[in-house]
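# Model the following, please.
(chains A and B)
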Amino acid sequence: MQILLVSNVFPPGFVGGFELGALEVAKGLADRGHDVQVLTSDYFLDENDAISGLVVNRCLRCVGPSHEGAANAQVQRLGVYHDYANLRRVAYAIRRQQPHVLLLFNIQGLGALSLMTMLSDLRMPTVVYMMDSPLVGLDSSSSLNCQYRKIFGQHRLSDCIRFISMSEKLVLECSAALDQTIRADAIVPAWIHEELLTEPPEPEISSEVVRFAFCSRIAPHKGTDIVLDGAELLARDGVTNFVIDVFGDGQVAQFLQSVRARGLDRFVHYRGSRPKWEMQKLFRDYHALLFPTWEREPFGFVVSEAAAAGCVPIMTRGIGAGDWFFHEVDCIKIERSGHHLRQAMYMIAAMPVDARMDLRLAALGTARRLLPFRYWLPKIEDVCHIAASRGRPVTNSGNLQVLAAYQFLGQLWNDTAA
Amino acid sequence: MKCFHCSPTYYSTDSVVGGGEKYILYLSRAITRATSGLGISCQNNVVAFGPRFAEYDYEDALRLIIVPGQPWDPGSIDVDNLRSVLSEGDIVFVHQCLAGTGLLVASHAKLLKKWVIGIDHGGGEHHLVHQSREVGRIFDLCIAQSQYAASAFKDLDVGTEVILGPVDDTYYTLDPSTDRVHGLVLSVGRLLPHKSFDRLITALPSGTHLVIAGTASDPEYLSYLRAQSSKGAFEIRERLSDDAIRCLMRQASLYVHPTSHFDFRGRYYPKPELLGLAPLEALCCGTPALVSAAGSLPELGSLSGVEVFTGEGDLPALMQSKLDQPVDQSLSCSIAESVSRNYGLLPYGRCLLTVLESLGAL
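A predicted model of the protein is given here:
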């Protein structure tokens, strides 16, 4: 199949797991013989040609690659609803490359809503891969949404648009934003790469220091403040035999200032941002992963990766990863608060060595049994085949006509709101 | 075949009694005549905009559907309602296609996978039309009612076909039982400044009587016209029925259409006439016509009984010369036959069907 993969940003730079996942799927499908081309924005460039084996065209405009800043009016209009410049470039790529299927990864910041409806109007076989909702920031009760619907009509997607989701929760979230029931052809979890796995952790004889890891974007919604709250509460209770190593990019300066201000330098150490393969090795040396992320976390790749190395995930109850792990069997699920995180950390620290090792090996077993990429990639490929067999895109002249209609409606929408 | 004719306004005293609105009726009649001759089943519907949804019989075999919205404000239109209506059509004729409302209708019709045909009647242009050729691609084709009307589409990436007319030559016909009134000059049109009735009043030869039939649409211009009473013998007859106007056309010795690109205040009008429906109707009644050189009107000069005046200074002598020639039955027949052959419903309808067929819409 000829596959055109669209993503708001694309490695070597990345914000989170979504674009790394896009890269892995692109490479995986290419390895299986498909002709995969990538259309992304210039948000991250590849000046050192780090990405090899894929044609990557960085001509799109991304006004906000994540939910952060989605409240900004400009990001809302262009990023969530309609960016004609991006529609034009995607439609052009379709005319020129004639792909069998479009595979949309993260389209936040690209004018996500009109991009999806335009592809539907083009009858373009499309798979929307939801590692997060493509319509984050769309408030169906907002005046902006009312204005958009007044010009464009009710949001509508035809059955040439198929969905892969990381969780049922995301499907419901997207359905609510569209005001249209959608169904996922496959629920695909965050995967692990077996070739990156190391030996299971060595059995512990005794452990004087309990080692926790935090590895995600350094930002409040990922729970960095809660990690510090938990550490502070634990230390205040007199527990001092623990360390928390923090990995990732983001609001690092603020985080470090907060560590100093709370007097937690002894317990919390920032270790920089490490590549995925290195983290996969490092997780083996930690007893547990701290992941008190926001409740709407679509999944959390880091949960799968940590678990596969025998690092027990302590995660917010209700996130996508929670669908694959059982509380106190192979993970610990908590309410999102410093108090509850402290309880979970204490439980790990106070646990007998054998019991803790059993929990670690259970997490490892679950991840290695259920989440290998080699198992899930063919499922992704199957959905692409389904999409390609169902839809037949309009002709190139029809493509231009649909585009012209979006050009005018977008202009009218801009005029109306101006 | 189900055709929708979408227009901001429709021909009625409840909406607008103007040429652009009347054209829609003639177009649907032309399609009906041409398709019935070929045994093709065809249903025509007019879609316009008003305060609330309504649907009723407009005339024989023609339904009028009012979609909620203000006619000239595309942002006010109930788009979901519009899409629901249009979804049942095969071909959507978009009238005033360059205005915002027309482009909105065309966009949604195209997204509904309909054949979309644009027709301009001079009702304004959305600014995007001047900025992007690409917006023209919304239309599968634009139809121009005159060569001059075709020029409106020059800046757009869209194919254009010129199909002259149509005028309803089955309604505006000769009536041998009606006598011509010598010296009666008729001019018909909405009482708008660019129609330039004031120049006609000034040029009236002595011994003639001018009747201006139309609807007052501009109070300032109406006052200005009434102030011209010392310059010539004329009367303004407002809100006449089509039957009454047809009767006047049959009685008149001369029909004059003095439209100008510049009104009495010097204001410029780029598209003052795109067809000239009223002179065509008068010609169908066998009445000779004098038309100005504004817009599409010079194209009527090739028809029997029509003369084009280029300068206002020529008008009095030309009027006198035309009035000196008696309008006998033979002349009337020749005039009516000429206009029917070139602008009548049937030749128009047949030509339109040929165009639609070559497009693939039939």
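# quick one: buried residues of the host helix or strand of B:His5?
Following DSSP states H and E, one finds B:His5 within strand B:2-6. In terms of neighbour count (16 or more other Cβ atoms under 10 Å in any protein chain shown), strand B:2-6 has its buried residues at B:Cys3, B:Phe4, B:His5, B:Cys6. In this view, the C-beta of every residue, glycine as well, is placed from N, C-alpha and C.
# what's the closest of those to chain A?
Ranked by distance to chain A (Cβ to the nearest Cβ), the buried residues of strand B:2-6 are led by B:Cys6 at 14.6 Å.
# The strand holding B:His5 and chain A, are they touching?
No: contact between strand B:2-6 and chain A is absent, the nearest approach being 14.6 Å (criterion: Cβ under 8 Å from any Cβ of the partner chain).
# who does that strand touch, helix- and strand-wise?
Here strand B:2-6 touches helix B:19-38, strand B:43-50, helix B:79-86, strand B:91-95, helix B:100-111, going by 3 or more Cβ pairs under 8 Å, 6 or more residues apart in numbering or on different chains; DSSP states H and E.
# at 10 Å instead, please
Applying 3 or more Cβ pairs under 10 Å, 6 or more residues apart in numbering or on different chains; DSSP states H and E, one finds that strand B:2-6 contacts helix B:19-38, strand B:43-50, strand B:62-68, helix B:79-86, strand B:91-95, helix B:100-111, strand B:115-119.
# ok, it: who's next to it in the sheet?
Sheet pairing of strand B:2-6 (DSSP bridges) gives strand B:43-50 (parallel), strand B:91-95 (parallel).
# Name the residues of the stretch 301-418 of chain A found near chain B, please.
A:394, A:397-413, A:415-417 (Cβ under 10 Å from any Cβ of the partner chain).
# Same check on chain A?
So chain A meets chain B at A:88, A:117-118, A:120-121, A:123, A:147, A:149-154, A:156, A:394, A:397-413, A:415-417 (Cβ under 10 Å from any Cβ).
# please redo it, this time with the cut-off set to 8 Å
For chain A, the contact set with chain B under Cβ under 8 Å from any Cβ comprises A:121, A:149-154, A:400-409, A:411-412, A:415-416.
# Restricted to strands, list these.
Among the residues of chain A next to chain B, no member is found in strands (DSSP state E).
# List buried members of these by neighbour count.
Judged by 16+ other Cβ under 10 Å, buried ones among those: A:121, A:150-153, A:400-409, A:411-412.
# who does A:Ser41 bridge with?
In this entry, A:Ser41 is beta-bridged to A:Leu60, by DSSP bridges.
# Enumerate every residue touching it.
A:Asn8, A:Val9, A:Phe10, A:Arg58, A:Cys59, A:Leu60, A:Arg61, A:Cys62, A:Pro65, A:Gly109, A:Leu110 (Cβ atoms under 8 Å, 6 or more residues apart in numbering or on different chains).
# Which one of these is nearest to B:Asp157?
A:Cys59 (22.4 Å; Cβ to Cβ).
# what sits against that closest one?
Residues in contact with A:Cys59 (Cβ under 8 Å, 6+ apart) are A:Leu39, A:Ser41, A:Asp42, A:Arg89.
# Check those residues against chain B and report the nearest one.
Distances from chain B to those, taken by Cβ to the nearest Cβ, are shortest for A:Arg89, at 13.7 Å.
# Pretty sure that closest one sits in a helix.
Yes: counting by DSSP: H, G, I helix; E, B strand; the rest coil, A:Arg89 is part of a helix.
# Now for it: which residues touch it?
A:Leu39, A:Cys59, A:Leu60.
# Pop out the phi and psi values for B:Asp90.
When read as degrees, to the nearest 10, the backbone of B:Asp90 gives phi -100, psi -50.
# pretty sure it contacts B:Ile40?
No: the criterion here is Cβ atoms under 8 Å, and B:Asp90 misses it with B:Ile40 at 11.5 Å.
# list the residues that contact both of the two?
By Cβ under 8 Å, 6+ apart, the residues touching both B:Asp90 and B:Ile40 are B:Met1.
# and A:Ser52, how far is that from chain B?
Separation of A:Ser52 from chain B (Cβ to the nearest Cβ, to the nearest Å): 37 Å.
# Give the burial count for that residue, as a bare number.
Counted with other Cβ atoms under 10 Å in any protein chain shown, residues neighbouring A:Ser52 total 7.
# ditto for B:Ala278
Neighbours of B:Ala278 under the rule other Cβ under 10 Å: 27.
# got it, and B:Leu318?
Applying the criterion other Cβ under 10 Å, we find 18 residues in the vicinity of B:Leu318.
# in the strand or helix carrying A:Ala22, what counts as buried?
Secondary-structure assignment from DSSP H and E places A:Ala22 in helix A:17-31. Buried positions in helix A:17-31, judged by neighbour count with 16+ other Cβ under 10 Å: A:17-30.
# and if you look at stretch A:377-389?
Per 16+ other Cβ under 10 Å, stretch A:377-389 contains these buried residues: A:Leu377, A:Ile380, A:Glu381, A:Val383, A:Cys384, A:Ile386, A:Ala387, A:Ala388.
# Check what contacts the helix or strand hosting the second one and list those residues.
In this assignment (DSSP H and E), A:Ile380 forms part of helix A:373-390. Applying Cβ under 8 Å, 6+ apart, the external contacts of helix A:373-390 come out as A:1, A:3, A:24-25, A:28-29, A:32, A:34, A:100-101, A:103, A:125-127, A:129, A:159-160, A:162, A:164, A:185-186, A:188-189, A:191-194.
# what about the helices in chain A?
Ranges of helices within chain A are A:17-31, A:73-74, A:84-97, A:112-121, A:143-152, A:168-178, A:224-236, A:252-261, A:276-282, A:301-308, A:338-350, A:353-370, A:373-390, A:396-417, based on DSSP state H.
# rank those helices by mean pLDDT and give me the bottom one.
Within the helices of chain A, confidence is poorest for helix A:73-74, with a mean of 76 (mean pLDDT).
# Please compute how far that one lies from its chain's middle.
Centroid displacement of helix A:73-74 relative to its chain, using Cα atoms, centre = their mean, to the nearest Å, is 23 Å.
# which residue does the stretch 151-300 of chain A bring closest to chain B?
A:Gly153 (4.3 Å).
# Spit out the contact partners of the nearest residue to that residue once chain neighbours are set aside.
Counting by Cβ to Cβ, 6 or more residues apart in numbering or on different chains, B:Val79 is the residue found nearest to A:Gly153 once chain neighbours are left out, at 4.3 Å. B:Val79 sits next to A:Arg149, A:Lys150, A:Ile151, A:Phe152, A:Gly153, B:Leu104, B:His108 when contact means Cβ under 8 Å, 6+ apart.
# change it to 10 Å
A:149-154, A:409, B:67, B:69, B:104-105, B:107-108 (Cβ atoms under 10 Å, 6 or more residues apart in numbering or on different chains).
# Give me the pLDDT value at B:Val291.
Reading off the confidence values, B:Val291 has pLDDT 97.
# in its sheet, what does whichever strand or helix holds it sit against?
According to DSSP H and E, B:Val291 maps onto strand B:289-292. Note on strand B:289-292: by DSSP bridges, its sheet partners are strand B:254-257 (parallel), strand B:306-309 (parallel).
# Using CSV, please lay out those together with distance to B:Phe53.
Converted to CSV, the strands paired with strand B:289-292 look like this (distance: least, Cβ to Cβ, whole Å):
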stretch, distance to B:Phe53
strand B:254-257, 38
strand B:306-309, 44
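# Including distance to A:Val239, could the contacts of B:Val79 go into CSV?
Shown next, in CSV, are the contacts of B:Val79 (distance: Cβ to Cβ, whole Å):
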residue, distance to A:Val239
A:Arg149, 54
A:Lys150, 58
A:Ile151, 59
A:Phe152, 57
A:Gly153, 59
A:Gln154, 56
A:Leu409, 60
B:Val67, 70
B:Gly69, 68
B:Leu104, 66
B:Val105, 70
B:Ser107, 65
B:His108, 65
